[in-house]
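Asks: Mind folding the following:
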Amino acid sequence: IDNQEVIAMSNEGTTNVTKSLIPRLTPTFIEDIFQDARTWPTFTQSIANIESFGGKYDIKGGKNKHYDGKYQFGKIAKDDVIQWRKDQLTKEEIKKLQHTDAGRESFRKDPELQEKIMKMYVSVNHDYLKDYPGYKDATHARKMELLGYAHNQGATGTKTYLSTGVDGKDGNGTKGSKYS
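Replies: Numbering: from 1, shown residues only. The predicted model follows:
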């Protein structure tokens with residue numbers, strides 16, 4: 001594993017990201033969502049800047065402290081990944097994704113798993129949206145905006161946003177468009 005650091009640009013400036021924590025992206029994933037692998041660190045760091053004050057892996061947060069890690073994954077997001085990507089997870093990883101006290105603590109202590117789950121969650125949202133009007137013909141940049149929105153509102157909430165134009169809010173009142 002190459003542990004070189006790369007520089008990721010974000011709204012908050014530059015951040016060093018260890019390459020070994022950036023999931024290897026399949027060509028289809030890059031082709032369908034991101035124009036090249038360099039956009040992935042920028043995308044994920046932008047979300048981490050909102051969710052965990054720039055990328056703290058070991059924190060609880062969100063409404064009632066029900067969300068975990070750098071990207072603040074809650075039960076529904078973790079369950080989505082298990083449901084749609086179970087074949088890509090080990091039994092130990094699935095155990096860490098359980099929304100129990102022990103599972104949540106183990107998840108927060110595992111940066112590599114958090115990065116893997118972020119890739120999987122984005123790909124699940126992409127797969128759910130890929131044939132939907134407003135997404136399927138969108139530019140790469142627009143798809144990234146909508147996938148940011150989906151991180152906060154879920155893929156179903158993103159479909160609602162695309163069909164109604166109404167900007168959804170999470171339990172803390174944060175609009176999904178903040179992630180776009």
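
Asks: CA only for contacts and neighbour counts going forward, please
Replies: Will do.

Asks: which other helices and strands contact the top helix by length along the chain?
Replies: Criterion DSSP state H: the longest helix present in the chain is helix 140-164. On a contact count with 3 or more C-alpha pairs under 8 Å, 6 or more residues apart in numbering; DSSP states H and E, helix 140-164 meets helix 39-51, helix 111-129.

Asks: give me that answer again for 10 Å
Replies: helix 27-32, helix 39-51, helix 75-85, helix 111-129 (3 or more C-alpha pairs under 10 Å, 6 or more residues apart in numbering; DSSP states H and E).

Asks: okay, how far is it across stretch 58-74, tip to tip?
Replies: Length of stretch 58-74, first residue to last, C-alpha to C-alpha, to the nearest Å: 14 Å.

Asks: can you give me the mean pLDDT across it?
Replies: Averaging pLDDT along stretch 58-74 gives 96.

Asks: cool, and stretch 144-155?
Replies: Stretch 144-155 comes out at a mean pLDDT of 96.

Asks: What of stretch 121-138?
Replies: For stretch 121-138, the per-residue pLDDT averages 94.

Asks: so what's residue 132 up against?
Replies: Residue 132 is in contact with 126, 159, 162, 163, counting by C-alpha atoms under 10 Å, 6 or more residues apart in numbering.

Asks: Most neighbours of all the residues you listed, which one?
Replies: Among the contacts of residue 132, residue 126 has the most neighbours (other C-alpha atoms under 10 Å), with 23 neighbours.

Asks: for it, what are its contacts?
Replies: Contacts of residue 126 by C-alpha under 10 Å, 6+ apart are 29, 32-33, 120, 132, 135-136, 143-144, 146-147, 150, 155.

Asks: Can you give me the distance of residue 35 to residue 144?
Replies: 10 Å.

Asks: quick one: which of the two has more around it?
Replies: residue 144 (22 against 15).

Asks: If I follow the layout properly, the more buried one ends up in contact with residue 39?
Replies: Yes - at 9.3 Å, residue 144 counts as touching residue 39 under the criterion of C-alpha atoms under 10 Å.

Asks: Good, we can wrap up now.
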